[in-house]
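Asks: Let's see this in three dimensions:
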Amino acid sequence: MKRLLTENDVRKAEKEGTSEILVDDHTVLTPSALDVARRLGLTVKWERKGFTRLLGDRVAKSSEKKAMSISVGSDHAGYQLKEYLKAALAQRGYLVIDRGAFSEASVDYPDIALQVAQDVSQRRAWRGIIVDGAGIGSAIVANKLPGVRAANCASVAAAKNSREHNDANILTLGAGMVDEATALQIVEVWLTTDFAGGRHERRVKKILKIERRYLRG
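Replies: All right, here's what the predicted structure looks like:
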């Protein structure tokens, strides 16, 4: 079970005289909580497997690096999971570009998926993550754009494969297919798995050749 740490929790800690806040893999720190902590002069540390990282320093550096930016989006069905993942990504030091939805009011997934795919296709973002009910429709939309290789993953194994074999740059998730904990595991593996190259690079180049022929004319 994840613990949500909000800006109210940070303000309460500051009033109690706390100078630093420790979080771990079982804590989700909201972006606003991190901002408030930095404004109040509190140190936020993430402890994991024997080492400690200063979250504020990581965020400051990553915000200057385009390579760390991730465009995220969802329809109404994926809104809650998108918000959960957005907070987790910010906690881990990524610069998050949120393309909506911004509530659970009904929206059409193609509109959101297009915006995220454009960010990746036009290199405004390093990677993209899109959440809808099943993750399938958003993947179909995203793959219409040049340079996009979107993979719909419902397991850690699929996420790892999509990066190692396909060099996928957009991940789509189904809010009705995975729970929060599984989704976060998928995202973490997907973001940290490198493209294997070798024979897989030859095959990805063939994908690009097909794209140039049929999408770009």
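Asks: give me the number of residues near residue 105?
Replies: 8 (other Cβ atoms under 10 Å). From N, CA and C alone the C-beta is placed, and that goes for glycine too.
Asks: if I look at the residue lying closest to it once chain neighbours are set aside, how far off is residue 83?
Replies: Once flanking residues are discounted, residue 105 sits nearest to residue 76: 6.1 Å by Cβ to Cβ, 6 or more residues apart in numbering. Residue 76 is 12 Å from residue 83, where distance means Cβ to Cβ, to the nearest Å.
Asks: ok, now residue 8?
Replies: With Cβ to Cβ as the criterion, residue 8 and residue 83 are 17 Å apart.
Asks: Show me which of the two is the more surrounded one.
Replies: More neighbours surround residue 83 than the other of residue 8 and residue 83, with 18 against 12 (other Cβ under 10 Å).
Asks: in which helix or strand would I find the more buried one?
Replies: Assigned by DSSP states H and E, residue 83 falls within helix 79-91.
Asks: What are the contacting residues of stretch 171-185?
Replies: With Cβ atoms under 8 Å, 6 or more residues apart in numbering as the test, stretch 171-185 has contacts from 2, 74, 77-78, 80-81, 84-85, 88, 113, 127-136, 138-139, 142, 150-156, 159, 162, 186-187, 190.
Asks: Going by contacts, tell me the helices and strands next to the helix holding residue 83.
Replies: strand 27-29, helix 31-39, strand 69-74, strand 95-98, strand 127-132, helix 180-192 (3 or more Cβ pairs under 8 Å, 6 or more residues apart in numbering; DSSP states H and E).
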